[in-house]
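A.B. asks: Take this sequence and fold it.
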Amino acid sequence: MSRLGALNITKNSGAKHTATVIFFHGSGAAGDHMKEWVHLLAKNFVFPHIKILYPTAPLQPYTPAGGLMSNVWFDRLGINPRAPEVLESLAQIEVDIKKLIKSENEAGIPSSRIIVGGFSMGGALALHTAYRWDPNVAGVFAFSSFLNDNSVVYKELRDSATKVPLLQIHGDSDDLVELAWGEATFKELRSLGVQGNFHIMEKLGHSLNKRGLNIIKDWIDKHLPNI
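C.D. replies: Numbering: from 1, shown residues only. Got it, this is the predicted structure:
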């Protein structure tokens, strides 16, 4: 049984659902918060043929919060690029995410018509999903996101090629996940064969913004055209 919390959905505005976007929230948030935030900033973040899923991370102990319970996708030993990844925790969420994608596949949406993305930790989860757990997705986007220096994602990409395109966006005033961390993540992914684009948002901290969401919307339209 999946450990994921409530699944919030933005239904497609047209008659037929032919693609899906899975939008993962950041640490300590929830799917309904992510959905509200997106629609507050970009009311046009809807598609005639695409269903958007905003899942909620499982409630679990989170080391950076002193072991307190939090809705996080995976545990971390520290909020810095040098911290080793908690592979056991990543393996647990892998099961949940694969089940979520499988449910879309069983509903008639192949992985090639699914884009995964997210904010902060949610973007990191999306990178693990696209470059480790389901290499057949149509694309991945990451807003104010990161991978640690020794990420298993990099190790995976050294052993296998990928065709999954990446869109990465980061604020130049981010004081939680610094711009240099996001840029280093993108640079390393590019060196391992990932094709994509990196956009810097001026005067933006650790947050979404309307301009960035509009860039994501246009990118989704390009990679998941109506059929």
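
A.B. asks: Okay, the closest residue to residue 28 other than its chain neighbours and residue 62: tell me how far apart.
C.D. replies: Setting aside the residues directly before and after it, residue 28 is nearest to residue 70 in space (Cβ to Cβ, 6 or more residues apart in numbering), at 5.0 Å. To be clear about C-beta, it is placed using only N, CA and C from the backbone, and glycine gets the same treatment. Here the criterion is Cβ to Cβ, to the nearest Å. By it, residue 70 lies 4 Å from residue 62.

A.B. asks: anything in contact with each of those two?
C.D. replies: The contact sets of residue 70 and residue 62 overlap at 27, 28 (Cβ atoms under 8 Å, 6 or more residues apart in numbering).

A.B. asks: Which residue of these two possesses the greater neighbour count?
C.D. replies: residue 62 (21 against 18; other Cβ atoms under 10 Å).

A.B. asks: tell me the contacts of the more buried one?
C.D. replies: Contacts of residue 62 were listed using Cβ under 8 Å, 6+ apart, and they are 27, 28, 68, 69, 70, 72, 75, 76.

A.B. asks: and the fourth one, how far is that from residue 61?
C.D. replies: According to Cβ to Cβ, residue 69 stands 6 Å off from residue 61.

A.B. asks: circling back to that earlier point, the residue nearest to residue 28: which element?
C.D. replies: According to DSSP states H and E, residue 70 maps onto strand 69-71.

A.B. asks: quick one: average pLDDT of that strand?
C.D. replies: Mean pLDDT, taken over the full extent of strand 69-71, equals 94.

A.B. asks: Over to stretch 180-197?
C.D. replies: Along stretch 180-197, the predicted local confidence has a mean pLDDT of 97.

A.B. asks: cool, stretch 205-216 as well?
C.D. replies: The predicted model gives stretch 205-216 an average pLDDT of 97.

A.B. asks: CA-only coordinates of it in PDB, if you can.
C.D. replies: Coordinates of each C-alpha in stretch 205-216 appear next as PDB, following Å, rounded to 0.1, in the frame of the first residue of the first chain:
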ATOM      1  CA  GLY A 205      14.600  33.600  -3.100                       C
ATOM      2  CA  HIS A 206      13.600  30.100  -2.200                       C
ATOM      3  CA  SER A 207      10.300  30.400  -3.900                       C
ATOM      4  CA  LEU A 208       8.200  29.900  -7.000                       C
ATOM      5  CA  ASN A 209       7.300  32.900  -9.200                       C
ATOM      6  CA  LYS A 210       4.900  33.600 -12.000                       C
ATOM      7  CA  ARG A 211       7.600  34.000 -14.700                       C
ATOM      8  CA  GLY A 212       9.200  30.600 -13.800                       C
ATOM      9  CA  LEU A 213       5.800  28.900 -13.800                       C
ATOM     10  CA  ASN A 214       5.000  30.300 -17.200                       C
ATOM     11  CA  ILE A 215       8.300  29.000 -18.500                       C
ATOM     12  CA  ILE A 216       7.400  25.600 -17.200                       C
END
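
A.B. asks: The chain: strands as residue ranges?
C.D. replies: 7-10, 19-24, 50-55, 59-61, 69-71, 114-119, 139-143, 166-171, 196-201 (DSSP state E).
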